[in-house]
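Peer 1: I would like to see how this sequence folds:
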Amino acid sequence: MANSNLKEAKAAKNDEFYTQFHDIEVEMNAYLEYDLNVFRGKTVLLPCDDPEWSNFTRYFAAKFDELGLKKLISTSYAPDAKKMRLLSEPTLFETDAPQFDPSKAQTKGKIFILDKDLSGDGRINIDDLHWEYLNGDGDFRSKEVSELRDEADIIITNPPFSLFREFLAWIVSANKKFIIIGNMNAVTYKETFPLIKENKMWMGYSIHSGDREFEVPDEYPLNAAGWRIDENGRKFIRVKGVRWFTNIDHGRRHEPLPLMTMADNLRFSKHKEIKGKVSYDHYDNYDAIEVPFTDAIPSDYDGVMGVPISFLDKYCPEQFEILGITKTWFGSASKIYPEQIQVDRQGKKCKVTKLNDGAVLHHPQIPQNETYYIVDGKYYTQVYARVLIRHIGL
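Peer 2: Numbering: from 1, shown residues only. As a prediction, the model looks like this:
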C-alpha cells in the first residue's frame, strides 16, 4: 500500500514526484535486454515532463543514437514550469534563448523536439534539442498534446498520481505502447484492473518492493518518513507503493513463480498465518481460498485463490489465469450481505461501511462488497484487496 505522504499528496493534488535517472535507466534496460530493437525507429513522447529538469528527457536525449530513435518529443505544463531549482546542473531551458518570451513563460507549455543533428558533430544528442512554446498550457488532455500522442509510438512518463486514471485512459484510447509510473493500489481501479486481467497491461521490471526516492518541488512539505535536502538545496522524499505499469514485454514477466505444495506450505511455511494450520481459510462470500502471501501460493491447488495485489509483480501469464479481484468484484461475488445499520447511543442510524472488530457471525456488521473468511466459526475477518487467480493446466 502507498504510504501516508503519497495519499496526502494525492488528496492535495501535490503529487509531482520527479523520477531519478537511475530508476529510469534500470527499467528501460530491461526492455532492451528482452528486445534490443524495442525503441528503434520509434517516436517517443514524454508528456508531463518539463524538459527543464526531466530525467526522462535527459535519458532518451543522451541515448538517442544508441536506441535508434526516430524522434523524441517532450512537453511541459506551464503552471509548473518554474517549480524546480537545479542549482548545480545546467538547465535545458535558458532564459537568454532567442525564442524566450516573458509574456508566455508562465502561461504556455513548452515542447522540446530531438530528431536531427543541429550541432553538426555527426551525432544526435542532448545538444540538438530545440524548443518552442505550445499554443496552450501543455495539459495532456488538450487537443494539441493529444495530437502529439497520436504521432508517437511509445509514451513514457511519471504522470501526476491524482490523474492516473485519466492519463491511462488517454493512452489506451489511442492504442499506444506505454511505460508509466503509478501507485500500486491503482490495480484495483475499475479503469485499470480489466487491462491487467486481459493481459493488456502488466507491472514493469523494477520497483517491486521497498520504496524509491523522488525529487519534489521547493514548496513541497517535508513531512514524509524519509526525506533529505542535498547540498544544492534540492528536496527528495522516499515514497512507497509505486510501480511501473506497461504493455511492453520484458523477460521477468515470463519467469514462473517457484512454489511448494499445499501440504508443504502448511508444514514448512515461514509465515505463522499458514504454518501449522490444517488447511487454508476459505472465503465466506466467494468460492476461493485465502492466500495472504505470494510465496505461499500452493502449487497443487486447482481451485480459485485470492492473493495479494503484490502478486502482480511476479505474475507469469503462462502459469496463472487472472479471474477477477475482490473489493469491486466485477460482479463475481457469490454472496451479497444484507445492508447493515448501526445505531449509536443517541439513536442515530447509519450504514455500516467498516467492519467492527469481533463482529459475530450471527450479527455481521459488514459492508456488502468486501471480502471475508470466518475464524473459528464465529468471527468474520476482512481482508485487503485480493486478486483472484487459478493455475493454468492443473
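
Peer 1: could you break the protein into its assigned domains?
Peer 2: Using automatic domain parsing, the domain ranges for the chain come out as 4-254, 262-391.

Peer 1: could you pull out the strands in the stretch 1-150 of the chain for me?
Peer 2: Listed in chain order, the strands of the stretch 1-150 of the chain (DSSP state E, counting those that start in this stretch) span residues 43-46, 71-75, 110-114, 130-133.

Peer 1: turn the ones you listed into CSV, including mean pLDDT, distance to Phe311 and mean neighbour count.
Peer 2: Heads up, the C-betas are built off the backbone N, CA and C, glycines and all. As requested, these are exported to CSV (pLDDT from 0 to 100; distance: least, Cβ to Cβ, whole Å; neighbours: other Cβ atoms under 10 Å):
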stretch, mean pLDDT, distance to Phe311, mean neighbour count
strand 43-46, 98, 30, 23
strand 71-75, 96, 34, 26
strand 110-114, 93, 39, 22
strand 130-133, 92, 43, 16
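
Peer 1: tell me which of those sits nearest to Phe193.
Peer 2: With Cβ to Cβ, the closest approach to Phe193 among the strands of the stretch 1-150 of the chain belongs to strand 43-46: 25.3 Å.

Peer 1: which secondary structure elements does the closest one contact?
Peer 2: Counting contacts by 3 or more Cβ pairs under 8 Å, 6 or more residues apart in numbering; DSSP states H and E, strand 43-46 packs against helix 55-62, strand 71-75, helix 143-151, strand 154-157.

Peer 1: residues touching it, excluding its own?
Peer 2: 54, 56-57, 60, 69-75, 148-149, 151-157 (Cβ atoms under 8 Å, 6 or more residues apart in numbering).

Peer 1: show the buried residues in the residues you listed.
Peer 2: 54, 56-57, 60, 69, 71-75, 148-149, 152, 154-157 (16 or more other Cβ atoms under 10 Å).

Peer 1: which parts of the helix or strand where Asp264 lies are buried?
Peer 2: Take DSSP states H and E as the rule and Asp264 turns out to sit in helix 262-268. By 16+ other Cβ under 10 Å, the buried positions in helix 262-268 come out as Met262, Asn265, Leu266.

Peer 1: closest to Lys235 among those residues?
Peer 2: Asn265 (44.5 Å).

Peer 1: look up phi and psi at Ser206.
Peer 2: phi -110, psi -180 (degrees, to the nearest 10).

Peer 1: any weak-confidence spans in the stretch 201-350 of the chain?
Peer 2: By pLDDT under 70, the low-scoring segments of the stretch 201-350 of the chain are 210, 217-221, 223-225, 327-333, 335-345.

Peer 1: would you map the strands across it?
Peer 2: Going by DSSP E, counting those that start in this stretch, the stretch 201-350 of the chain shows strands at 202-203, 211-216, 227-229, 235-240, 242-246, 289-290, 305-308, 320-325, 341-343, 349-351.

Peer 1: just the pLDDT for the residue nearest to Asp121 when sequence neighbours are not counted.
Peer 2: Nearest non-adjacent residue to Asp121, counting by Cβ to Cβ, 6 or more residues apart in numbering: Asp127, 7.4 Å away. Confidence at Asp127, expressed as pLDDT, is 90.

Peer 1: what of Pro367?
Peer 2: For Pro367, pLDDT reads 49.

Peer 1: what do you get for Met84?
Peer 2: Value for Met84, per-residue pLDDT: 44.

Peer 1: spatially central residue in this structure, please.
Peer 2: Among the residues of the chain, the one closest to the centroid is Gly182, at 2.5 Å (Cα atoms, centre = their mean).

Peer 1: surely that one and Leu163 touch.
Peer 2: No: shown here, Gly182 and Leu163 do not form a contact pair, counting by Cβ atoms under 8 Å, at 10.0 Å.

Peer 1: which residues are contacting the lengthiest helix in the chain?
Peer 2: Scanning the chain for the longest helix, with DSSP state H as the assignment, gives helix 21-34. Helix 21-34 is contacted from outside by 38-39, 55-56, 58-59, 67, 179, 204-207, 212, 244, 248-252, using Cβ under 8 Å, 6+ apart.

Peer 1: weed out the non-buried ones from these.
Peer 2: Judged by 16+ other Cβ under 10 Å, buried ones among those: 38-39, 55-56, 58-59, 67, 179, 204-207, 212, 244, 248, 250, 252.

Peer 1: okay, the domains of the chain, which one's buried deepest?
Peer 2: Highest mean neighbour count among these (mean count of other Cβ atoms under 10 Å): domain 4-254, with a mean of 17.

Peer 1: tell me which stretches of the stretch 151-300 of the chain form helices.
Peer 2: 164-172, 193-197, 262-268 (DSSP state H, counting those that start in this stretch).

Peer 1: for the shortest one, which outside residues touch it?
Peer 2: Helix 193-197 is touched from outside by 168, 172, 187, 201-202, 247, 312, 322-325, 328, 330, with contacts defined as Cβ under 8 Å, 6+ apart.

Peer 1: take these and write them to JSON lines, including distance to Gly120.
Peer 2: Shown next, in JSON lines, are the contacts of helix 193-197 (distance: Cβ to Cβ, whole Å):
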{"residue": "Leu168", "distance to Gly120": "41"}
{"residue": "Val172", "distance to Gly120": "41"}
{"residue": "Val187", "distance to Gly120": "48"}
{"residue": "Met201", "distance to Gly120": "42"}
{"residue": "Trp202", "distance to Gly120": "43"}
{"residue": "Asn247", "distance to Gly120": "38"}
{"residue": "Leu312", "distance to Gly120": "48"}
{"residue": "Ile322", "distance to Gly120": "53"}
{"residue": "Leu323", "distance to Gly120": "58"}
{"residue": "Gly324", "distance to Gly120": "58"}
{"residue": "Ile325", "distance to Gly120": "55"}
{"residue": "Thr328", "distance to Gly120": "57"}
{"residue": "Phe330", "distance to Gly120": "57"}
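
Peer 1: which one of the residues you listed sits closest to Thr294?
Peer 2: Closest to Thr294, out of all of the contacts of helix 193-197 and judged by Cβ to Cβ, is Leu312, at 9.2 Å.

Peer 1: give the contact list for that closest one.
Peer 2: Leu312 touches Val187, Ile196, Trp202, Met203, Val387, counting by Cβ under 8 Å, 6+ apart.
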